[in-house]
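> this one's sequence-less:
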């Protein structure tokens, strides 16, 4: 994958999750996962359903508060556990650095595409409606949908709605984007539209963590693949090595099942 200048990996990680644990009703769903991500790096997370992938992803921006563990992004550190809970100011600073794109598009059905992208800019960033609209239109153009600016979500295909959701996430100028199975609700053709936008962002140096079932995307676009099963990282490394020559029997079993579907 060709990177833009300035995305060379550094000794100090841009994003770091340390010893993340999540328990539901006393049962661990995420078991001490740690992950370091450099600026401009794309990490693909794969694994079976119910393995803790999405739960871990949501811990990074504290949509899911970890039972314990620390998340650091660009100098901002948020810790959960015996030391208490993070302050609201710390959470706000962390979340300002992170954008998220979900499986379901989560667009407001009563707002047009451009209004969906404007809303958070006005409310969270304090931009004027004029500035927010200009930014929204520029981002719709970037994802190939400026011509759908005044259409409502219900008038757009699933692929178009997801691209609008990506534009909305970008509108807040995040330092890192999280994707939670962004194409799982789409048929292959519409999913390809979304993956094309994601590939372009990766080539431009956007830091991305992507939970995905798209193995070709993981191999072609990601700098690293992490396989999660039973709440823990079982294996991670170079995409071609992990996907074509997995070392762990659990990874081998998962990929065999995926390829034989």
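In hand now; what should we look at? Predicted model only: the values in this text are computed from it and were never measured.
> now the strands for this structure?
Applying DSSP state E to the chain gives strands spanning 15-24, 27-37, 42-46, 68-73, 76-80, 98-101, 176-180, 207-211, 224-229, 232-237.
> any idea which of these has the lowest pLDDT on average?
Mean pLDDT is lowest for strand 76-80 among the strands of the chain, at a mean of 90.
> contacts for it next, please.
Identification of contacts with strand 76-80 by Cβ atoms under 8 Å, 6 or more residues apart in numbering yields 62, 65-72, 86, 90-91, 93-94, 97. Placement of C-beta: from N, CA and C, glycine included.
> so what strands line up beside that strand?
strand 68-73 (antiparallel) (DSSP bridges).
> and the partner strand with strand 176-180, angle?
Interaxial angle, strand 68-73 versus strand 176-180 (axes from the mean of the first three to the mean of the last three Cα atoms, to 10 degrees): 130 degrees.
> give me the distance from strand 68-73 to the chain's centre.
16 Å (Cα atoms, centre = their mean, to the nearest Å).
> ok, and what's touching that strand?
13-21, 32, 59-60, 62, 77-82, 94, 97-98, 175-176.
> same thing but at 7 Å, please
By Cβ atoms under 7 Å, 6 or more residues apart in numbering, the residues outside strand 68-73 that reach it are 15-21, 59-60, 77-81, 94, 97-98, 175-176.
> what's the answer for stretch 25-45, then?
3, 7, 9-10, 13-23, 52-53, 55-57, 202, 205, 207-212, 218, 221-226, 228, 231-233.
> if you count neighbours, what's buried in it?
Within stretch 25-45, the residues scored as buried using 16 or more other Cβ atoms under 10 Å are 29-31, 33, 35-45.
> nearest to residue 169 among these?
Sorting the buried residues of stretch 25-45 by distance to residue 169 puts residue 42 at the head of the list, at 15.4 Å, by Cβ to Cβ.
> can I see the domain layout of this protein?
7-97+177-261, 105-173 (automatic domain parsing).
> in terms of mean pLDDT, which of these ranks lowest?
domain 7-97+177-261 (a mean of 92).
> how far out from the middle of the chain is that domain?
The mean C-alpha position of domain 7-97+177-261 is separated from the chain mean by 7 Å, Cα atoms, centre = their mean.
> tell me the most buried of the strands of the chain?
strand 42-46 (a mean of 27; mean count of other Cβ atoms under 10 Å).
> direction included, what does that one pair against?
Strand 42-46 has these strand partners (DSSP bridges): strand 207-211 (parallel), strand 224-229 (parallel).
> can you list contacts of the first one?
What it means is strand 207-211. Contact with strand 207-211 is made by 14-15, 37, 39-45, 53-54, 57, 60, 175-181, 201-202, as judged by Cβ under 7 Å, 6+ apart.
> ok, the residue nearest the centre of the chain to residue 207 distance?
Centre of the chain computed as the mean C-alpha position; nearest residue by Cα atoms, centre = their mean is residue 178, 1.4 Å away. Residue 178 is 10 Å from residue 207, where distance means Cβ to Cβ, to the nearest Å.
> show me the two of the buried residues of stretch 25-45 that sit farthest apart.
29 and 40 (29.7 Å).
> reformat the strands paired with strand 42-46 as CSV; add distance to residue 255.
CSV is the format used below for those (distance: least, Cβ to Cβ, whole Å):
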stretch, distance to residue 255
strand 207-211, 16
strand 224-229, 8
